[in-house]
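Trainee: pasting the sequence and the predicted model now:
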Amino acid sequence: MSKIFRGRYTARIDEPFILFVIGMRVNSFWKIWEWAPVFAAMPKMLNELYSNPSSGFLGAQMFLTLRQPVLMQYWRDFDALLAYAHDQSGAHFPAWAEFNRKAGRSGSVGVWHESYRIEKGAAESIYSNMPLWGMAKALNAEHVLAEGRLAAAKDRMNS
């Protein structure tokens, strides 16, 4: 079990990074043959990314719901994210091509993503009674008590 840090903590982040949020939406539950391969493709990609630290991938957190699983990924920079997305020898490119060929036009499953460039001082976090999580974990950020000038969100955002 992960160590729980009792109290309020925050993550100090000194370098810019990319937050990439990606998900899928099951529109037709009964067409499992169309959405299951889309869902099953992500673990292979994550294994590939975690096994290659030089890729620029820093870490991820997955959130599962019945209809819309979501994955938050942290990247060193946007160029690294694009390089992975367009690498024809990696797991993503053939999975994306397969989605477009088999399920992309039927409407039974949707895929979406959003990318955010986060500069120093433009993100804040709070983790109360949590293990290492989110930015603190993925970015290997300095995990510090949220006290004094780090107690309030407005101050953490500008620190």
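Mentor: Received the coordinates, thanks. Numbers count the residues shown, from 1 in each chain.

Trainee: please count neighbours and contacts with C-alpha atoms only from this point.
Mentor: OK.

Trainee: could you list the low-pLDDT ranges of the protein?
Mentor: 104, 159 (pLDDT under 70).

Trainee: the residue nearest to L81 when sequence neighbours are not counted: what's it in contact with?
Mentor: Distances taken as C-alpha to C-alpha, 6 or more residues apart in numbering put W75 closest to L81, at 6.6 Å, once the chain neighbours are dropped. Residues near W75 by C-alpha atoms under 8 Å, 6 or more residues apart in numbering: 17-20, 56-59, 81.

Trainee: what about those, which are in strands?
Mentor: With strands identified by DSSP state E, the entries of these that belong to them are 17-20, 57-59.

Trainee: may I see the PyMOL selection of the buried members of the contacts of W75?
Mentor: Per 16 or more other C-alpha atoms under 10 Å, the buried members of these correspond to this PyMOL selection:
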select buried, resi 17+18+19+20+56+57+58+59+81
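
Trainee: helices or strands up against the helix or strand harbouring T10?
Mentor: Assigned by DSSP states H and E, T10 falls within strand 5-12. Using 3 or more C-alpha pairs under 8 Å, 6 or more residues apart in numbering; DSSP states H and E as the contact criterion, the elements in contact with strand 5-12 are strand 127-130, helix 134-138, strand 142-145.

Trainee: among those, which is the most enclosed?
Mentor: When neighbours are counted by mean count of other C-alpha atoms under 10 Å, the highest per-stretch mean among these falls to helix 134-138, a mean of 21.

Trainee: one step back: want to throw the ones in strands among the contacts of W75 into TSV with distance to L46?
Mentor: Shown next, in TSV, are the ones in strands among the contacts of W75 (distance: C-alpha to C-alpha, whole Å):
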residue	distance to L46
F17	18
I18	16
L19	15
F20	13
F57	9
L58	11
G59	9
